[in-house]
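Engineer: predicted coordinates and the sequence they were generated for:
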Amino acid sequence: MTKLLPKNFVLGGATAAYQAEGATKEDGKGKVAWDDFLEKQGRFKADPASDFYHRYPEDLELCEKFGVDGIRISIAWSRIFPNGNDQEPNPLGVKFYHDLFKECHKRQVEPYVTLHHFDTPDTLHKEGDFLNLDTVEAFARYADFCFKEYEGEVTKWFTFNEVWPVSSCQYLTGTFPPGIRFDYSKVVQSMHNIMLAHARALNLFKEKGYAGQCGIIHSLETKYPYNRDSIDDQRAAELADTLSNKFLLDATFLGEYQEATWNNIQEILRSNDAHIEVPYEDIVEMKQAASQLDYLGINQYQSSFFRSYKGDNDIHHNGTGEKGTSVFKLKGVGEAMFDMAIPRTDWDWLIYPKGLYDMIMRVKNDYRNYKEIFITENGMGYKDDFEDGVINDTPRIEYIKQHLEAVSDAIRDGANVNGYFLWSLMDVFSWSNGYNKRYGLFYVDFESQQRYPKQSAYWWKELHQTRELK
Ligand code: BG6
C-alpha cells in the first residue's frame, strides 16, 4: 500500500556554510581550521564549493520550483566574528545572512538555521576548540548575537550539527582538523563541552525571550548486534550506542548522564586510559536547557552492526568510494561490520531504513519530554552520471522513498515528526571525500557552477504535490 506524508510535513533540503558557500576569503571572513588542513592534504579545496555565497538566489528559485519548502543553512561563525571572539561583528558577513534570509522568505522557503556546522573559527580552534571552555563562552556570545540580529527573519534555530561526528572525527579517526587519532579523553570531553555550549546558548535564547524555537541536531545511527543471539555482540552494540548516541541523548533530554550511561562511558574510557571531567555546575546548566528544548534534529544515513572485538583501535576511513575499504574497530567497544547481506553505498554506508524508524521510536519512548523531531539529514552519496543533460539517480530515489516510509510508519505509531531535510539540496563539497560523492537533488557542475535537476528532483516535486510515497 502506498504510504502517505502529512499535509504540513516540511519537505526540505539541507546545506552547510563551509560545504556550500565557497568564498572562504571574501568580505572579511575569518579563517577556519579546515582552510589549512585541506591545503596541507592537497586532495581538494573548499573553494568554490557550490558557490552558494553568490548563487543562493538561483538555488532558492529551484527550491520554489521543485517543492522544497524548507532549507537548512548554517551560519559561518567566522563570517560574523572573524576571530571567533571579536567584540565587533563583521558588517559584510552579517549583511550576507540578512540578504539570504530575505531571499528565502521571498521564495517562501523557510530557513532552518544551524549556528555551528563543523567550522569553529581558526583562532579558537588553535586554542583547543571545544576542549577549551573559553570557546564554550565565545559560542554562547556568538549565538546570542545571531538570535538578536536575525530575530523576525529566523524562527527555527539549531545550536550544533552533530556532536559525535565532529568530536570523533577530530580526535578518534583524525579525519577532521586537528587530525588526532584514538584520544578518547578528548573525544568524550569535547562532546560534553559542546553539550554545555548548546545548553548555555539555549538557556540564553529562552531567558531573553527571543521569538522562535531552538534545538540541536545529533547524528543518531542505530547500533545492532551483528549476531543477534550473541551476548558479547549485544554488549558491543550497547557500548557503541552509549558512546555515539545515548551519552548525547541523555545530555540533551535529561541534562545529565544516567547511571548505566555513565558506567558504560567510564568502561570505554578506562579501556583506553582516558578520563573526562564533568563538574556539577555543568549539569545544572544542562538540566535547565533540557527542560526547555523545543525539538531534536536527527541525522541518519546508515545503521551499524557491531561484533565483539578485543583488539586495539584500528580505523580506516573510506574517503574515496572504494567499496570494502572501511575498517572501524574500537578498543573496549567493538567492531563495526560492513560486509553483510544488506545493501551499502560505495562508501560502505549500510542502507537500513528500519534503523531510522527504530531511532525515532526510541527517542519517543525513552525520552518522554521530547516535543518534536525533524529528520534534519538523510540522503545517499552516489557517483552520479551526467548523460546528455540527464542525471538518472534511481537508487537515490529508492533510498529517499524507503526512509520517508520509515518516517511515515513512525508518525503512524505516534511519533511527532514534522519534517525531513534531504542531504543535500544541491551537490556540495564533502569534508573528507571532496567532490566525487554527490548527494544533491540538483547536480552541480563544479567548473561552470551550472545547476541541473536530477531525476530525484522531478520525483520530489511530485511527492510534494501528492504526499504519496510512490
Ligand atoms: C553529515 C554532515 O554527517 O554527513 C554533513 O552533517 C556531511 O556535513 C554528511 O556532508 C555526509 O557526509 P559525507 O562525509 O559523505 O560528506
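Structural biologist: All right, it came through fine. Numbering: from 1, shown residues only.
Engineer: and stretch 18-34, how far from the chain's centre?
Structural biologist: How far stretch 18-34 lies from its chain's middle: 19 Å, per Cα atoms, centre = their mean, to the nearest Å.
Engineer: quick check: buried residues in it?
Structural biologist: Within stretch 18-34, the residues that count as buried by 16 or more other Cβ atoms under 10 Å are 18-24, 29-34. The way it works is simple: take the backbone N, C-alpha and C, and place the C-beta from them, glycine included.
Engineer: stretch 231-240 now?
Structural biologist: Those buried within stretch 231-240 under the rule 16+ other Cβ under 10 Å are D232, D233, Q234, R235, A236, A237, E238, L239, A240.
Engineer: in this protein, what residue is nearest the ligand?
Structural biologist: S430 (3.1 Å; Cβ to the nearest ligand atom).
Engineer: which residues of the stretch 201-350 of the chain lie near the ligand?
Structural biologist: S219, N299 (Cβ under 6 Å from any ligand atom).
Engineer: now the longest helix belonging to the chain: mean pLDDT?
Structural biologist: Using DSSP state H, we find that the single longest helix of the chain is helix 184-207. Averaged across helix 184-207, pLDDT comes to 98.
Engineer: how far does stretch 353-368 sit from the chain's center?
Structural biologist: The answer for stretch 353-368 is 17 Å, by Cα atoms, centre = their mean.
Engineer: using CSV, write out every CA atom in it.
Structural biologist: The C-alpha coordinates for stretch 353-368 follow below in CSV (Å, rounded to 0.1, in the frame of the first residue of the first chain):
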residue,chain,number,x,y,z
PRO,A,353,15.7,2.4,6.8
LYS,A,354,14.4,0.4,9.7
GLY,A,355,17.3,2.0,11.7
LEU,A,356,15.6,5.3,11.2
TYR,A,357,12.2,4.0,12.4
ASP,A,358,13.8,2.4,15.4
MET,A,359,15.7,5.5,16.4
ILE,A,360,12.7,7.8,16.2
MET,A,361,10.6,5.4,18.3
ARG,A,362,13.4,5.0,20.8
VAL,A,363,13.6,8.8,21.3
LYS,A,364,9.8,8.9,21.6
ASN,A,365,9.7,6.0,24.1
ASP,A,366,12.8,6.6,26.2
TYR,A,367,12.8,10.4,26.5
ARG,A,368,9.2,11.3,27.3
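Engineer: in it, what's buried?
Structural biologist: For stretch 353-368, by 16+ other Cβ under 10 Å, it's P353, G355, L356, Y357, D358, M359, I360, M361, R362, V363, K364, Y367.
Engineer: which ones are touching the residue lying closest to K437 once chain neighbours are set aside?
Structural biologist: Spatial nearest neighbour of K437, excluding adjacent residues (Cβ to Cβ, 6 or more residues apart in numbering): G381 at 4.2 Å. Shown in contact with G381 (Cβ atoms under 8 Å, 6 or more residues apart in numbering): Y301, G321, T345, D346, W347, W349, S430, N433, K437, R438, Y439.
Engineer: one more pass at 6 Å, please.
Structural biologist: T345, W347, K437, Y439 (Cβ atoms under 6 Å, 6 or more residues apart in numbering).
Engineer: next, the nearest residue to the second one once chain neighbours are set aside: secondary structure please.
Structural biologist: Same thing as W347. In space, W347 comes closest to N318 once its chain neighbours are excluded; the distance is 5.1 Å by Cβ to Cβ, 6+ apart. Following DSSP: H, G, I helix; E, B strand; the rest coil, we place N318 in the coil state.
Engineer: per-residue confidence for N318?
Structural biologist: pLDDT at N318 comes out at 94.
Engineer: wait, it touches D348, no?
Structural biologist: Yes: between N318 and D348 there is a contact under Cβ atoms under 6 Å: 5.2 Å.
Engineer: quick one: common contacting residues for the two?
Structural biologist: Joint contacts of N318 and D348 (Cβ under 6 Å, 6+ apart) are S326.
Engineer: count of neighbours near the residue of the chain closest to the ligand?
Structural biologist: Number of residues near S430 (other Cβ atoms under 10 Å) recorded here: 19.
Engineer: mind checking how far it is from E137?
Structural biologist: Distance, S430 to E137, by Cβ to Cβ, to the nearest Å: 31 Å.
Engineer: and R368, by the same measure?
Structural biologist: In terms of Cβ to Cβ, R368 sits 32 Å off from E137.
Engineer: what sits against L469?
Structural biologist: Neighbour list for L469: K3, K401, L404, E405 [criterion: Cβ under 6 Å, 6+ apart].
Engineer: tell me which two in those residues are the farthest apart.
Structural biologist: When those are compared pair by pair using Cβ to Cβ, the two farthest from each other are K3 and K401, 9.0 Å apart.
Engineer: thinking again about what came up before, quick one: which of the buried residues of stretch 18-34 is nearest E447?
Structural biologist: Nearest member of those to E447, counting by Cβ to Cβ, is G22, at 13.0 Å.
Engineer: from the buried residues of stretch 231-240, which ones fall inside helices?
Structural biologist: Counting by DSSP H, the buried residues of stretch 231-240 contribute D232, D233, Q234, R235, A236, A237, E238, L239, A240 to helices.
Engineer: export the residues you listed to a markdown table and tack on pLDDT and distance to N263?
Structural biologist: A markdown table is the format used below for those (pLDDT from 0 to 100; distance: Cβ to Cβ, whole Å):
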| residue | pLDDT | distance to N263 |
| --- | --- | --- |
| D232 | 98 | 18 |
| D233 | 98 | 19 |
| Q234 | 98 | 16 |
| R235 | 98 | 12 |
| A236 | 98 | 16 |
| A237 | 98 | 16 |
| E238 | 98 | 11 |
| L239 | 98 | 11 |
| A240 | 98 | 15 |
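Engineer: need those in JSON lines (columns: distance to G42).
Structural biologist: Shown next, in JSON lines, are these (distance: Cβ to Cβ, whole Å):
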{"residue": "D232", "distance to G42": "42"}
{"residue": "D233", "distance to G42": "40"}
{"residue": "Q234", "distance to G42": "43"}
{"residue": "R235", "distance to G42": "42"}
{"residue": "A236", "distance to G42": "37"}
{"residue": "A237", "distance to G42": "38"}
{"residue": "E238", "distance to G42": "40"}
{"residue": "L239", "distance to G42": "37"}
{"residue": "A240", "distance to G42": "33"}
